[in-house]
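Based on what follows, work out the 3D shape:
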Amino acid sequence: MKKWLKSFSIHSIIFFSFLPLFLLIMATYGGFYLISSQQLKNQTYKSANNINSQISNSLGQTLDNVYLSTTEITSNWYFFQFKQNIERDIAPAISPSNYRRLYNLLEGLIISNPNYFNSISLFTDDRSILVYKSTPAEPVRNISFRYEDYSDTVSSQYLTWILPRDMHPYKLDSGNYSSLGLMMLLGDENSRLHGFILFEINDELLQKEIQNAIITPGSQFAIICQNQLLLDRSKTMEAAELDQFPAGIPEQFDVGDNCYFYTPVTSHAAELSLGILSRVPLAEISLNQKPLSQALFAIIACFLFFWALDYYMIHLTVSQPLIRLNRCLAKPYDITAPIEFNISGSREIHTITGTLNHFLGRIHMLVQNLNQEMDDRRIAELNVLYEQINPHFLYNALDTIYQLCDMEDIRNAKEITHSLAAFYRIGVSKGANYISLEEECTHAQVYLSIMQIRFEDFTYEIVLPEQLKSCITIKQILQPILENAIYHGIHLLDDRTGHICVVVSEETAGIKIEVTDNGIGLVEDDLANIRKGLAEPFHPSQKGKVYGLKNVHARIRLTYHSPYGIAVDSVTEQGTAVTIVIPKIIEKQEGKLENDEDTVC
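The predicted structure is shown next:
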């Protein structure tokens, strides 16, 4: 458990500590919201179905009343006798007195029931009978009635419900045909004379049934017939909208952004498949849930507010101070200087900061002691390396003087002795390990003059720019390299005179000292071994050609550290080049050495 917690930040721990409570509240809210919203939705659906049923029952009763009113005409003796005479081809079909009485019945029906009927018409195709009564009065144009066009859909035995807009035997100037009508044909297929009686239902009678109904503010009602739009209260529904309905039209279904409710009308007009269709926007069904949503949202908002406040306070007093402390610890510091952190926060943070400052103080003291011990050790190692160099060269120089004396060359013996004294005077340097580049180059020139007297088979050249003479270096870095150049390079030449060149120059990295010779060079294996030896730690017990180079390289690294040191390049039978890179430093007036930006030449 402890290992698992270590992988989380304090922000994550704070967050996840509140997360279960938050999820519990959200789950409770979600469950309560879903149950309540479903109950509200069911209540809306129930209310819509109840309203549809009420409208359906009322409309069915109205249509039944209309039908009964029309039977007052069709069951009248005068109409019955008129209808029978047409079927039996008795002429005239109706006497003038009976026609008058029938006309009065039709006129009385439309006058006494203006809310039921828009018009009543009675017609025979020989135009002997032509009655048309309407409210308001409107002339009839272009009567185009043919028995064959209606015989398949309209009965000659009883009144049939029809849709006058789809099938109308005459034209009106206004074009305002009723939505519903009752029609009966006169005569049969064998009759010489044919005709019809047509009762057109007043649309306002149907419109009144759906006019004041409401489920939601945006709900709409319509009357449909045989899956076609018959009457729309708001004129906003379109016939194309019904094309998207499922087959059979269920009682409740969703299409697009609306919910539809359908209730069939039960009456004498059942053959028309009339029904009440209500449309309710789904968004308004959700509006009923708004108070519930607002209340629950307020609870969630309060919880989130206090959670955020608690989270912020913990962040301000615990998390943020720890982050600042971590950033302070991640910064690079000079551990040789005292370090103290001042982090404000809770009492625990102050305790941690105080303890940390105490440990940093102890670390600073230990680092100072360790640096002092390392400096003492580095000086001791340098002294050992210098002691390795000095006896080695002294032996070679004394051997040369011995050979000159043996050859009775007193002049050269005196010159070498004088040069040797100068060599060691510069090398000793009153016990100092640092000398100027001018002194180091003089030291190298004295050494080369001694070796030139001994071998007389090479020349040399030393180039030191004036502006670099006062720069400081550790002593005796050139002599071991020059010794290698003489013994392992130019001294082995048979076909040409050897030449050694020492060039000091300034570069971005510091000061570069290049020692080149035109000796026999190194084969690739020897060059690889030398480079490998320079990369390995130096041991005073090592011997061989690489000893002097490693001695100088080790002293430079001990003094100046990486990337300063020695690099070797060589081409067989062409010569060798040894490059020394040291930092560019000067000696202050007090005589102390510095190696920082303030002392760069």
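
how far away is residue 495 from residue 171?
133 Å (CB to CB, to the nearest Å). The C-beta positions use only the backbone N, C-alpha and C, and glycine is treated the same way.

Neighbour count: these two, which is higher?
Taking neighbours as other CB atoms under 10 Å, residue 495 and residue 171 compare with residue 171 leading, 14 against 5.

Show me what the more buried one bridges to in the sheet.
Bridge pairing for residue 171 (DSSP bridges) gives the partners residue 141.

Do I have it right that it meets residue 142?
Yes: using CB atoms under 8 Å, residue 171 is in contact with residue 142, at 4.8 Å.

what about the longest strand in this structure?
Looking across the chain with DSSP state E, the single longest strand is strand 498-507.

Grab the CA positions of that one and hand them over as CSV.
What follows is strand 498-507, C-alpha atoms only, in CSV (Å, rounded to 0.1, in the frame of the first residue of the first chain):
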residue,chain,number,x,y,z
GLY,A,498,64.5,16.5,-37.5
HIS,A,499,62.5,19.6,-36.6
ILE,A,500,60.3,20.3,-33.5
CYS,A,501,57.8,23.2,-33.5
VAL,A,502,56.0,24.5,-30.4
VAL,A,503,53.1,26.9,-31.2
VAL,A,504,51.0,28.6,-28.5
SER,A,505,47.6,30.0,-29.6
GLU,A,506,44.3,31.2,-28.1
GLU,A,507,41.0,29.4,-28.9
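
Direction included, what does it pair up with?
strand 458-463 (parallel), strand 510-517 (antiparallel).

how does this protein divide into domains?
76-206, 370-582 (automatic domain parsing).

measure the longest one end to end?
Its start and end residues considered, domain 370-582 measures 26 Å (CA to CA, to the nearest Å).

distance between it and the chain's centre?
64 Å (CA atoms, centre = their mean, to the nearest Å).

Check the shortest one too.
Chain-centre distance of domain 76-206: 75 Å, with CA atoms, centre = their mean.

swap in stretch 242-258?
40 Å.

any idea of the mean pLDDT for that stretch?
Across stretch 242-258, pLDDT averages out at 79.

Also stretch 461-471?
94.

Stretch 149-164 now?
So the average pLDDT for stretch 149-164 ends up being 88.

which parts of the strand or helix carrying residue 102 are buried?
Assigned by DSSP states H and E, residue 102 belongs to helix 96-112. Going by neighbour count (16 or more other CB atoms under 10 Å), the buried part of helix 96-112 is 98, 99, 102, 106, 109, 110.

now for it, which elements pack on it?
For helix 96-112, the packing partners by 3 or more CB pairs under 8 Å, 6 or more residues apart in numbering; DSSP states H and E come out as helix 10-74, helix 77-87, strand 117-124, strand 130-134.

The host helix or strand of residue 297: how far from the chain's middle?
Counting by DSSP H and E, the element that carries residue 297 is helix 290-314. Its chain's C-alpha centre and that of helix 290-314 lie 27 Å apart, by CA atoms, centre = their mean.

which element follows it toward the C-terminus?
Taking DSSP H and E, what comes next after helix 290-314 is helix 320-330.

tell me the mean pLDDT over that next one?
72.

tilt between it and helix 10-74?
130 degrees (axes from the mean of the first three to the mean of the last three CA atoms, to 10 degrees).

Work out the gap between helix 320-330 and the centre of the chain.
29 Å.

The chain should start at 13 in everything you say after this.
From this message on, residue numbering opens at 13, which makes the last subject helix 332-342.

Now do the helix holding residue 114 and helix 22-86, the angle between them.
Using the same axes, to 10 degrees: helix 108-124 against helix 22-86 is 150 degrees.

what sits up against helix 108-124?
81-82, 84-85, 88, 90-91, 93-94, 106, 129, 131-132, 134, 141, 143, 145-147 (CB atoms under 8 Å, 6 or more residues apart in numbering).

And the buried ones among the residues you listed, selectable in ChimeraX?
Of the contacts of helix 108-124, the buried ones can be selected in ChimeraX as follows, counting by 16+ other CB under 10 Å:
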select :81,82,85,90,91,93,94,106,129,131,132,134,141,145,146
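
Next, count neighbours for the closest residue to residue 75 other than its chain neighbours.
In this structure, residue 75 finds its nearest non-sequential neighbour in residue 279, 4.3 Å apart by CB to CB, 6 or more residues apart in numbering. By the other CB under 10 Å criterion, the neighbourhood of residue 279 contains 20 residues.

Hmm, residue 73 and residue 279 touching each other?
Yes: between residue 279 and residue 73 there is a contact under CB under 8 Å: 7.4 Å.

returning to that earlier point: quickly, which of the domains of the chain bottoms out on average pLDDT?
domain 382-594 has the lowest average pLDDT among the domains of the chain, namely a mean of 82.

per-residue confidence averaged over stretch 79-86?
89.

er, stretch 231-250 actually
78.

what residues does that stretch touch?
60, 67, 71, 175, 191-192, 215, 218-219, 221-223, 225, 251, 253-254, 257, 261, 274, 277, 284-293, 296.

Generate a ChimeraX selection restricted to the buried subset of those residues.
To isolate the buried ones among the contacts of stretch 231-250 in ChimeraX, judged by 16+ other CB under 10 Å, type:
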select :60,67,71,175,191,192,215,218,221,222,225,253,254,257,261,274,277,284,286,287,288,289,290,291,292,293,296
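
would you turn the domains of the chain into JSON lines with distance to residue 231?
Formatted as JSON lines, the domains of the chain follow (distance: least, CB to CB, whole Å):
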{"stretch": "domain 88-218", "distance to residue 231": "18"}
{"stretch": "domain 382-594", "distance to residue 231": "85"}
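
Residue 351: which of the ones you listed is closest?
In terms of CB to CB, the element of these nearest to residue 351 is domain 382-594, at 15.2 Å.
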